[in-house]
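# what's the 3D shape of this:
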Amino acid sequence: MLDYIRKISWYIFSNKKRYTLIVLFLLIANVMDIIPPQLIGRTIDLINNGEMTETIMWNILLIFAAVIVLTYVVSYWWGYLLFEGAIKIESIIRSRLMRKFLLLSPGFYERSKTGDLMAKATNDLRTVNMATGFGIITLLDSTTFLLTIILVMGFTISWQLTFFALLPLPLLAIIEQRLGRMINKRHKSSQEAFGVMNDAVLEVVEGVRLTRSYVQEDAENRRFHSLTENYLNKFMKVEKLDAFFQPLTIIVVSSSIAISFGYGAVLVNNGIITVGELITFNVYLNMLIWPMFALGMLFNIMERGNASYDRIQNVLDETDDLNDIGEAVVKETNFNFNEVTFKYPTAQHNSLEDITIELNRGETLGIVGKTGSGKSTFIKQLLKIYPEGSGDLIIDGVNISSLNREKLRDKLGYVSQENILFSRTVRENIMFGKPDATEAELTEAIKLSAFDEDLARMPEGLETLVGEKGVSLSGGQKQRISIARSLIKQPDILILDDALSAVDARTETRIINHIKDNRKDKTTIIITHRLSAVHHADKIIVLENGKIVESGTHQALSNGSGWYSKQNDYFITGGES
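Now for the predicted structure:
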């Protein structure tokens with residue numbers, strides 16, 4: 001339990017004033033809470049001794065009213081301050097988590113499931129909020145209230161009666177501590193199962209069209225039902241342990257009340273305490289039901305919060321695969337691959353081997369080859385999203401390891417195979433590449449990407465919502481919006497990774513011509529399966545199993561006898577030999 005407090009101590013110490021006021025208001029509230037039982041006991045003794053007068057009665061009522069008002073005010077403020085603090089720490093951790101998500105390299109996402117990451121950003125953060133809000137309020141209130149009542153019972157009534165009445169308490173604390181540890185382990189398992197189930201929901205929603213086309217609705221429903229049952233079973237294991245707390249509290253409190261009545265009657269008969277004091281003592285004892293029950297909840301809430309905080313902290317503690325310490329800035333876009341060999345962190349074999357090629361500013365490089373030959377991997381070396389392999393990748397005379405990653409990427413315009421769009425308008429998706437772009441720059445980017453004709457047919461034009469991941473658009477439209485998004489920033493190096501696969505031949509020709517005419521002094525790299533897209537390239541390389549097996553211009557390669565020549569003949573003849 002205290003382990004969780006230690007973990008969030010950074011937040012508590014940075015908000016010392018807030019938590020000092022909370023403790024102060026809480027102590028005032030506790031003092032206010034012990035006054036009414038004292039008034040009840042005194043009133044009973046005054047009535048029993050025939051000493052009650054009208055003046056005393058009105059004084060007692062006025063004190064009651066003042067206590068009620070003051071208790072309400074201080075309870076409001078400590079509750080407000082505490083729960084505001086809980087929301088703030090949730091907001092801080094969520095921002096840190098999102099920042100971490102944006103900075104982590106692809107290797108992390110290859111090891112992690114999207115659903116589990118979403119569970120950490122939602123479910124686990126809510127649990128942390130609960131532990132920081134309701135958990136701390138329970139810790140402070142139950143401990144200070146419990147201590148206040150015990151001291152008042154001992155000093156104002158009888159230490160003997162207090163000692164015997166509270167004998168069952170240590171047993172409750174020991175059992176609840178052990179239950180809390182078990183809850184911690186089971187809650188972690190439950191949250192992991194929730195992450196798996198969450199991931200399945202994402203897959204079902206994203207793949208609903210595919211599922212229906214293959215008539216697999218029932219199979220997917222059964223699979224999801226199995227995951228739901230798994231989560232439910234693990235969650236219920238937590239709840240079964242949680243269910244022990246209330247009965248234990250009732251048993252302990254009932255035992256204490258029985259002891260207090262039995263031993264208290266003896267003390268009254270011996271004249272050590274009065275009847276009013278015994279009644280006051282039992283009122284206090286009944287008031288102990290909340291702090292003792294709260295202690296039970298405290299172990300539960302804190303251990304859940306501890307488990308969730310650990311899951312979130314595991315992400316925050318992740319280190320980037322890239323040791324990005326470079327500070328050099330690219331001025332010119334000449335680059336040189338010198339015997340570069342690369343292997344993915346989780347792979348067994350090299351994805352690139354002995355790649356050597358030089359490209360100067362203003363030149364166009366075409367990269368072709370069979371599927372899985374290493375074309376996209378080649379590009380990822382320039383993007384600096386994986387640790388460098390062996391060999392040297394030199395850009396503007398500087399090794400890529402010495403370049404500042406953010407400033408390097410700012411020089412690049414990358415259109416990936418996935419054509420990722422946000423659930424926003426066409427305008428917002430294109431201007432994502434350059435948020436401060438002018439209307440003229442936006443219009444030019446749309447024209448260069450050959451999206452102007454399609455845009456004219458959209459009733460709402462640039463304000464058309466593309467839907468989640470561009471669901472309302474065709475594949476070709478998504479590709480051209482992605483191209484426009486890169487062109488609007490006028491990058492020094494434009495990379496098209498199979499970005500023309502979904503457009504027709506006429507549109508492809510328009511885009512290629514626009515790129516040729518408008519990027520004469522800038523570098524362009526085109527990965528494609530259509531050789532027509534690289535006919536104009538200054539250099540073309542053919543990759544096979546991560547190696548360059550052919551290189552040259554379109555004319556030179558077409559006159560050869562390798563893979564490129566055969567593919568070119570195939571396209572020219574339409575597959576007829």
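# would you map the strands across the stretch 451-577 of the chain?
493-497, 523-527, 539-544, 547-552 (DSSP state E, counting those that start in this stretch).
# what does the third one rub up against?
Residues outside strand 539-544 that contact it (Cβ atoms under 8 Å, 6 or more residues apart in numbering) are 357, 359, 363-370, 373-375, 378, 534, 548-554, 557, 562-564. Just so you know, the C-beta spots here come from the backbone N, C-alpha and C atoms, and that holds for glycine as well.
# average pLDDT for the helix or strand where Arg212 lies?
Per DSSP states H and E, Arg212 falls inside helix 208-213. Confidence for helix 208-213, expressed as mean pLDDT, is 73.
# just the buried residues of it, please?
Using 16 or more other Cβ atoms under 10 Å as the burial criterion, the residues of helix 208-213 that qualify are Thr211.
# in helices only, show me the contacts of strand 539-544.
375, 378, 554, 557, 563-564 (DSSP state H).
# and Asp392, backbone torsions?
When read as degrees, to the nearest 10, the backbone of Asp392 gives phi -130, psi 130.
# give me the nearest residue to it, chain neighbours excluded.
Distances taken as Cβ to Cβ, 6 or more residues apart in numbering put Asn338 closest to Asp392, at 4.3 Å, once the chain neighbours are dropped.
# where's the one you found relative to Gly374, distance?
Computed with Cβ to Cβ, to the nearest Å, the distance linking Asn338 and Gly374 is 17 Å.
# looking at these two, which has the bigger crowd around it?
Gly374 (23 against 14; other Cβ atoms under 10 Å).
# my read is that the more buried one contacts Val549, right?
No. Counting by Cβ atoms under 8 Å, Val549 is not a contact partner of Gly374; they are 11.0 Å apart.
# help me confirm that Arg181 is found in a helix?
Yes. According to DSSP: H, G, I helix; E, B strand; the rest coil, Arg181 belongs to a helix.
# any figure for the gap between the residue nearest to the spatial centre of the chain and Arg424?
For the chain, Ala121 is the residue whose C-alpha lies nearest the centre (Cα atoms, centre = their mean; 3.0 Å). For Ala121, the distance to Arg424 (Cβ to Cβ) stands at 20 Å.
# likewise Val542?
39 Å.
# out of these two, which sits in the busier spot?
Counted by other Cβ under 10 Å, Val542 and Arg424 do not tie: Val542 has more neighbours, with 24 against 14.
# list the beta-bridge partners for that one.
According to DSSP bridges, the partner residues bridging Val542 are Val368, Glu550.
# now the phi/psi pair for Ala450, please.
Ala450 has phi and psi values of phi 60, psi 40 when expressed as degrees, to the nearest 10.
# wait, what's in contact with it?
480, 503, 507, 510-511, 514.
# what comes into contact with the helix or strand bottoming out on mean pLDDT in the chain?
Every helix and strand of the chain was ranked by mean pLDDT, DSSP states H and E. The lowest is helix 208-213, at a mean of 73. The set of residues external to helix 208-213 that reach it, using Cβ under 8 Å, 6+ apart, is 204, 217, 220.
# and the nearest residue to Lys234 once chain neighbours are set aside, what does it touch?
Distances taken as Cβ to Cβ, 6+ apart put Ser190 closest to Lys234, at 4.3 Å, once the chain neighbours are dropped. By Cβ under 8 Å, 6+ apart, the contact list for Ser190 reads 231, 234-235, 237-238.
# at 7 Å instead, please
231, 234-235, 238 (Cβ atoms under 7 Å, 6 or more residues apart in numbering).
# could you dump these into TSV with neighbour count and secondary structure added?
Formatted as TSV, the contacts of Ser190 follow (neighbours: other Cβ atoms under 10 Å; DSSP: H, G, I helix; E, B strand; the rest coil):
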residue	neighbour count	secondary structure
Tyr231	21	helix
Lys234	18	helix
Phe235	17	helix
Val238	23	helix
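# now for those: which two are most distant?
Farthest pair in the contacts of Ser190 (Cβ to Cβ) is Tyr231 and Val238. Separation: 11.0 Å.
# which residue ranges form the strands in the chain?
335-342, 352-359, 364-369, 390-395, 398-399, 412-415, 493-497, 523-527, 539-544, 547-552 (DSSP state E).
# out of those, which is closest to Gly154?
strand 412-415 (72.7 Å).
# run through this structure and note the low-pLDDT ranges.
1, 209, 296, 323-325, 574-577 (pLDDT under 70).
# give me the neighbour count for Leu496.
By other Cβ under 10 Å, 26 other residues sit near Leu496.
# partner residues bridging it?
Beta bridges link Leu496 to Val415, Ile526, judged by DSSP bridges.
# got the contact list for it?
Leu496 touches 415, 526-527, counting by Cβ under 7 Å, 6+ apart.
# was I right about Asn198 contacting Lys120?
No. Contact criterion Cβ atoms under 7 Å: Asn198 and Lys120 do not qualify, at 9.9 Å.
# buried stuff in stretch 262-273?
Buried residues in stretch 262-273, counted by 16+ other Cβ under 10 Å: 263-264, 267, 273.
# who are the contact partners of Arg409?
Going by Cβ under 7 Å, 6+ apart, the list of residues near Arg409 reads Leu383.
# and with 10 Å instead?
382-385, 403, 491 (Cβ atoms under 10 Å, 6 or more residues apart in numbering).
# next: Ser189.
Ser189 neighbours (Cβ under 10 Å, 6+ apart): 231, 234-235, 237-238, 307.
# picking up where we left off before, how near is the closest residue to the residue nearest to the centre of the chain other than its chain neighbours to Thr127?
The shortest distance from Ala121 to any non-neighbouring residue, by Cβ to Cβ, 6+ apart, is to Leu97 (5.7 Å). To Thr127, Leu97 is 14 Å away according to Cβ to Cβ.
# which residues does Asn123 contact?
Asn123 makes contact with 190-191, 194-195, 198, 308, 311 under the criterion Cβ under 10 Å, 6+ apart.
# on that earlier part again, mind putting the strands of the stretch 451-577 of the chain into a markdown table with distance to Thr319?
Below are the strands of the stretch 451-577 of the chain laid out as a markdown table (distance: least, Cβ to Cβ, whole Å):
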| stretch | distance to Thr319 |
| --- | --- |
| strand 493-497 | 27 |
| strand 523-527 | 30 |
| strand 539-544 | 31 |
| strand 547-552 | 32 |
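# out of the ones you listed, flag the one nearest Phe451.
Closest among those, once you apply Cβ to Cβ, is strand 493-497, at 14.6 Å.
# quick one: the closest one to strand 523-527, angle?
10 degrees (axes from the mean of the first three to the mean of the last three Cα atoms, to 10 degrees).
# how far is strand 493-497 from where the chain is centred?
31 Å (Cα atoms, centre = their mean, to the nearest Å).
# and for stretch 448-456?
The answer for stretch 448-456 is 37 Å, by Cα atoms, centre = their mean.
# okay, domains of this structure per the record?
For the chain, automatic domain parsing gives the domain ranges 2-316, 335-573.
# in CSV, list the ones you listed along with distance to Leu322.
Output for these, formatted as CSV (distance: least, Cβ to Cβ, whole Å):
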stretch, distance to Leu322
domain 2-316, 6
domain 335-573, 6
